[in-house]
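# quick check, what structure comes out for this input:
(one chain, ligands or ions: 1)
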Amino acid sequence: MTILAASALTGGIAIITLDNPPVNALSAPLRASLLRELQQALADSAVEAVVILCAGRTFIAGADITEFGKAPQPPSFAELFALIEQAPKPVIAAIHGTALGGGFELALACHYRVAAETAKVGLPEVHLGLLPGAGGTQRVPRLVGAEAALDIITSGRQIRAKEALSLGLIDTLVPDGNLRESAIAFARDVVARGSARPRARDHEVWTVVDRKRPVIFSDFAAKNARRFKGFAAPDAIIAAVQAAVDLPFEEGLARETALFEHLVATPQSAAQRHVFFAEREAARVPDVSADTEILDIRSVGVIGAGTMGGGITMNFLNAGIPVTLVEMTQEAIDRGVAVIRRNYEATVRKGRMSAEQVEQRMGLISPGLDLATLADADLVIEAVYESLDVKREIFGKLDRIAKPGAILASNTSFLDLNRIAEATSRPEWVIGLHFFSPANVMRLLEVVRGAATAKPVVATAMRLAKRIGKVPVLSGVCDGFIANRLLAPRGAQAEAMMLEGTPIDAIDRALVEYGFAMGHFQMMDLVGLDVIGRDSTERTVMGELVACGRLGQKRGAGYYDYDDTRRPSESGITSELIRDVAATRGIRPDATSGDEALLARLLYPVVNEGAKILEEGIALRASDVDIAAILGYNWPVYRGGPLFWANQIGLGRIVAEMRELEGRYGEAFCPTDLLVRLADKGRGFGETA
Ligand code: 3HC
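Below you'll find the predicted structure:
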């Protein structure tokens with residue numbers, strides 16, 4: 001039986017230990033159990049103070065996210081926290097691991113907070129489309145001031161114990177491994193000094209620019225407008241913190257509750273919660289059991305020091321794993337290593353890394369020109385240009401060089417992994433690791449499982465991804481894997497609508513309004529039209545633009561004209577070219593207007609492609625498709641990914657609209673069998689009957 005909360009008494013100090021693995025989420029049973037233990041401890045005349053601590057790897061990681069959207073179960077956070085705050089005896093939170101969300105809010109309702117040196121605290125609710133709904137927006141400003149509170153709560157960042165101490169969020173730091181004893185000693189000291197019970201609620205909220213209080217909030221919103229664009233939670237957080245300044249504590253709490261209840265019922269928060277669980281689910285491979293052997297990866301080889309190879313290398317250096325980096329020429333390897341160094345130095349300039357750390361990381365690279373130096377690597381990743389012949393040749397050589405038991409990986413973004421694996425005598429050791437550019441930044445890692453890839457190789461890749469800070473999504477072998485396949489139909493429709501006479505800025509605006517960072521044509525211009533360079537036998541607008549030197553933003557002209565600040569404006573030349581190409585291809589003017597119609601045209605084919613990817617067994621589950629779109633191509637997180645978004649619209653409606661579009665625009669809108677089947681059954685993607 002799981003122990004939820006249990007008490008022990010040592011010399012007048014009651015210790016309540018919460019034990020709700022894996023992260024001590026404050027579920028209804030845990031709240032009930034804690035309430036009971038607290039009531040008993042407070043009623044017990046032998047108890048002089050109470051310490052709340054957690055078993056396992058962390059203090060409370062927050063409310064139980066699975067409870068949102070269901071009927072609330074008693075006791076409420078408010079009831080529990082009121083009991084703590086109003087307790088006639090001092091209550092002390094003893095924090096290790098991460099005290100997050102409702103977990104940190106519980107600690108804030110306590111009279112004192114003792115934290116282990118490596119502990120972190122934070123209010124990450126914003127990442128779930130929420131605000132701290134258990135007093136966080138009212139107590140934090142009272143402890144750290146309105147400005148710092150706005151930063152902490154809208155960023156959701158985890159704050160190291162040392163910083164939390166200097167901000168006044170915790171009272172003392174104690175050595176790791178000694179938390180229980182230190183917290184008991186702290187409690188005894190409080191009792192000896194007269195059992196004071198300071199409460200965050202009794203503090204005055206202070207602001208740096210005291211006289212201009214309302215301005216703080218509007219200034220903060222304006223300064224962060226770009227970061228907050230499209231998200232509802234940041235505005236609600238600002239309103240709640242403002243309530244902490246303007247209103248008495250209880251009224252502020254009521255305002256916070258109202259805002260929380262509004263947010264938790266929004267599709268945005270549902271989408272962001274979906275993403276939270278989807279990211280974690282993605283690492284699970286159903287036919288690879290939890291006790292499959294995980295291989296120890298202590299050294300990595302990377303072949304190719306270009307943009308991809310360099311970025312891939314940085315991931316391992318950042319995780320403290322040595323990399324042997326191999327190139328064909330001295331010049332190429334020198335350039336590759338220099339670019340890595342420059343990237344790190346840029347991070348130093350932004351104050352996010354020390355010069356010493358740069359040297360540490362650079363010291364982990366062994367650059368060279370000889371594949372034979374990869375003989376000892378536990379994992380080799382090939383990141384050379386996309387040619388099946390070249391890759392097969394390299395894998396043939398690697399087969400002779402790499403030690404037995406080494407994982408041989410290709411970073412190919414569309415080639416047939418099985419053909420690459422066949423070039424070796426050990427295809428079971430071959431896997432695809434498809435990183436996204438910039439590879440040291442983008443969090444998605446497509447792990448491509450070949451026909452022969454062995455289970456321990458799959459299991460190791462999934463685990464390794466987490467170690468280097470990536471979210472792995474398993475993909476079968478196909479042209480483009482998951483994320484690239486999802487992007488392609490959107491581009492095809494954008495270009496089709498352009499030729500039908502829909503203004504490109506209307507197309508881009510619809511995508512930006514939906515939540516993408518930029519529209520299709522802005523993205524093409526940013527990447528560079530010469531770089532994209534599609535092979536086409538037909539006359540294309542892109543081909544014409546390249547031919548007249550309009551290569552994109554870097555030349556100040558592409559689909560759009562750009563001024564010195566890189567602001568795009570409509571180009572007469574492009575409009576002329578579009579009309580001209582459309583005329584030669586016999587495309588009649590038939591502009592699409594209205595955001596809904598534009599989005600149906602642009603994004604329903606993406607939903608359909610996602611369904612095909614599932615149907616073909618390329619992705620394991622619908623939520624993996626969503627994660628690939630969000631982390632690979634910046635699909636707005638608050639839409640939950642293409643398939644979650646489709647569920648919210650309703651698959652029945654999507655199929656009906658697609659049939660209409662199919663009649664006008666052809667087979668790109670022919671709904672795939674899976675989509676039709678789910679719609680007929682009234683189900684959504686990933687929903688069980
Ligand atoms: N509720 C329910 N389940 C949770 C959870 C939570 N708050 N936090 C983590 N879990 C689950 C995960 O889904 C995962 O389940 P799985 O093993 O079945 O996939 C398991 O716990 C372990 O989580 P991680 O894989 O994320 O473990 P890590 O060690 O990598 O990270 C963590 C630990 C930093 C605590 C991370 O889990 C995390 O960030 N959790 C969420 C924290 C959060 O958002 N808290 C705020 C909740 S909202 C709230 O409190 C509202 C309040 O204001 C009223």
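# helix, strand or coil for the closest residue to the ligand within the stretch 201-350 of the chain?
In the stretch 201-350 of the chain, the residue that lies nearest the ligand is Arg280 (3.8 Å; Cβ to the nearest ligand atom). Where you see a C-beta, it was placed from the backbone N, CA and C, and this is true even at glycine. The three-state label given to Arg280 by DSSP: H, G, I helix; E, B strand; the rest coil is helix.
# close to the ligand: what parts of this protein are there?
Residues of the chain lying close to the ligand (Cβ under 6 Å from any ligand atom) are 22-23, 25, 58, 61-66, 77, 98, 100-102, 105, 124-125, 128, 130, 132-134, 136, 277, 280.
# are any of the residues you listed buried, and which?
The neighbour-count test (16 or more other Cβ atoms under 10 Å) marks 23, 25, 58, 61-65, 77, 98, 100-102, 105, 124-125, 128, 130, 132-134, 136 as buried among the residues of the chain next to the ligand.
# which of the residues you listed fall within helices?
Using DSSP state H, the subset of those located in helices is Phe77, Gly102, Glu105, Gly136.
# I figured the third one hits Ala78, correct?
No. Counting by Cβ atoms under 8 Å, Glu105 does not reach Ala78; the two are 10.4 Å apart.
# got a list of what the closest residue to Ala319 other than its chain neighbours touches?
Nearest in space to Ala319, with sequence neighbours left out and distances taken as Cβ to Cβ, 6 or more residues apart in numbering, is Ile468 at 4.9 Å. Applying Cβ atoms under 8 Å, 6 or more residues apart in numbering, we find Ile468 in contact with Asn315, Phe316, Asn318, Ala319, Ile321.
# so what sits against both of Glu105 and Ala78?
Ala134, Gly135.
# tell me the mean pLDDT over stretch 500-515?
The predicted model assigns stretch 500-515 a mean pLDDT of 97.
# quick one: residues in contact with it.
Counting by Cβ under 8 Å, 6+ apart, residues outside stretch 500-515 touching it are 230, 494, 497-498, 518-522, 559-560, 568, 570, 574, 578-579, 582, 587-593, 595, 598-599, 602-603, 635-636, 638-639.
# distance check, Phe220 against Ala239.
Shown here: Phe220 relative to Ala239, a distance of 11 Å by Cβ to Cβ, to the nearest Å.
# ignore what I typed, I meant Met518.
Met518 is 29 Å from Ala239, by Cβ to Cβ.
# Pro175 now?
Counting by Cβ to Cβ - Pro175 and Ala239 are separated by 40 Å.
# same drill for the two, tell me which one is more crowded.
Ala239 (17 against 11; other Cβ atoms under 10 Å).
# just give the nearest non-adjacent residue to that one, would you?
Nearest one to Ala239, counting by Cβ to Cβ, 6+ apart, is Leu259 at 6.3 Å.
# what's the answer for Asn608, then?
Thr672 (5.5 Å).
# would you agree that neighbour is in contact with Ile613?
No. Applying Cβ under 8 Å as the test, Thr672 and Ile613 come out as separate, 9.7 Å apart.
# more neighbours: the two, which one.
Neighbour count, other Cβ under 10 Å: between Thr672 and Ile613, Ile613 has more, with 27 against 19.
# for Ala557, name its beta-bridge partners.
Gly552, Asp561 (DSSP bridges).
# what about it, how many residues nearby?
Ala557: 21 neighbours (other Cβ under 10 Å).
# now do it against the ligand, distance only.
Separation of Ala557 from the ligand (Cβ to the nearest ligand atom, to the nearest Å): 45 Å.
# surely that residue meets Arg566?
No. The criterion here is Cβ under 8 Å, and Ala557 misses it with Arg566 at 11.5 Å.
# I'm done for today, thanks for sticking with me.
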